[in-house]
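Engineer: model this:
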Amino acid sequence: MELDLKENERLDDLQQNGYKIIQNSEIFCFGMDAVLLSSFAVAKEGYKVLDLGTGNGVIPILMEAKTKAAHFTGLEIQDINVDMAIRSVAFNGLENKIKIMLGDIKEASSIFGGASFDVVTSNPPYMNENHGLVNPDSYKAIARHEILCTLEDVIREASKVLKDKGKFYMVHRPQRMVEIFETLTKYKLEPKRIRLVHPYVDRAANMILIEAIKGANSLLKVEQPLIIYEREGIYTEELYKLYKWYE
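Structural biologist: Below is the predicted model of the structure:
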């Protein structure tokens, strides 16, 4: 399939099933957090998966390559990201497996209905009103700051669209862990598994991967920390082993 890239766009190799994805450094490029979440999340055969705030569709595309889930839906509010995601899905021939929709996370349960997904994933904006904004109207600011949706919006809507015992997966910042756990339990999503991610073995964690189950009992498993870099520019052996996307 021929692909006409727009201004500032490039086509990047995902190194999974030959898939490629459209990126625009002026608008949106996915990061390590999205890749880690796509491998941390579990979607069994036949499952329906929703990605809230899908950006350019990287999480559904990577999870389609890594799991046997039946179908993926990506919900995104920024039309320019939706356009990139739809074209990437088509370029990879995944129109029957992945659907990208323009819409507001705050209205997800109205759009899809309650108890309609087995798994929900999200790599939401990390920064709240306590972080300064240079340009609150920019595409990158909307992706990084809670301008159009809050942490509570994401968790509330995830809980509503999940089936009973459905799983919610999210990547976020450790410094908001208490707020995250309080909000999850408020909406009947019980934290069941977490993994802290450290850039180097002697550095503090800068990401947390979270699995929560709707309507589950309390029992939290804290997995061994994941270290990203052996030294500058060199990934750890564990990262290469667990996340073959980098090979």
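
Engineer: now the helices for this protein?
Structural biologist: Along the chain, counting by DSSP state H, helices occupy 32-40, 58-66, 79-91, 108-112, 139-144, 151-161, 177-186, 237-242.

Engineer: deepest of those helices, which one?
Structural biologist: Each of those was assessed for mean neighbour count using mean count of other CB atoms under 10 Å. The highest is helix 58-66, with a mean of 25. Every C-beta, even on glycine, is put in place using the N, C-alpha and C of the backbone.

Engineer: by how many degrees do that one and helix 32-40 diverge?
Structural biologist: 30 degrees (axes from the mean of the first three to the mean of the last three CA atoms, to 10 degrees).

Engineer: name the residues that touch helix 58-66?
Structural biologist: Residues outside helix 58-66 that contact it (CB atoms under 8 Å, 6 or more residues apart in numbering): 14, 16-17, 19, 21, 30, 34-35, 37-39, 41, 43, 49, 51, 54, 69, 72-74, 88-89, 92, 94, 97-98, 100, 121, 123, 245.

Engineer: and the buried ones among those residues, selectable in PyMOL?
Structural biologist: Here is the PyMOL selection string for the buried members of the contacts of helix 58-66, based on 16 or more other CB atoms under 10 Å:
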select buried, resi 14+16+19+21+30+34+35+37+38+39+41+43+49+51+54+69+72+73+74+88+89+92+94+98+100+121+123+245
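
Engineer: now, which of the contacts of helix 58-66 lie within strands?
Structural biologist: The strands, defined by DSSP state E, take in Ile21, Val49, Asp51, Phe72, Thr73, Gly74, Ile98, Ile100, Thr121 from these.

Engineer: now the fourth one, nearest residue through space, not along the chain?
Structural biologist: Read it as Phe72. Pro60 (3.8 Å; CB to CB, 6 or more residues apart in numbering).

Engineer: list the contacts of stretch 18-31.
Structural biologist: Residues contacting stretch 18-31 (CB under 8 Å, 6+ apart): 3, 5-6, 8-14, 55-58, 61-62, 65, 78, 80-81, 84-85, 87-88, 91-92, 94, 139-140, 143.

Engineer: how far is it from where the chain is centred?
Structural biologist: Its chain's C-alpha centre lies 14 Å from the corresponding centre of stretch 18-31 when counted by CA atoms, centre = their mean, to the nearest Å.

Engineer: dump the C-alpha coordinates for that stretch into PDB.
Structural biologist: What follows is stretch 18-31 as a C-alpha-only set of coordinates in PDB (Å, rounded to 0.1, in the frame of the first residue of the first chain):
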ATOM      1  CA  GLY A  18       6.500  -5.900  10.000                       C
ATOM      2  CA  TYR A  19       4.200  -3.200  11.400                       C
ATOM      3  CA  LYS A  20       5.000   0.500  10.900                       C
ATOM      4  CA  ILE A  21       3.500   3.600  12.400                       C
ATOM      5  CA  ILE A  22       3.100   7.200  11.300                       C
ATOM      6  CA  GLN A  23       4.800   9.700  13.600                       C
ATOM      7  CA  ASN A  24       4.900  13.500  13.700                       C
ATOM      8  CA  SER A  25       7.500  15.000  16.000                       C
ATOM      9  CA  GLU A  26       5.600  18.300  15.900                       C
ATOM     10  CA  ILE A  27       2.400  16.700  17.100                       C
ATOM     11  CA  PHE A  28       2.900  13.300  18.800                       C
ATOM     12  CA  CYS A  29       5.500  10.600  19.100                       C
ATOM     13  CA  PHE A  30       5.100   7.700  21.500                       C
ATOM     14  CA  GLY A  31       7.600   7.000  24.100                       C
END
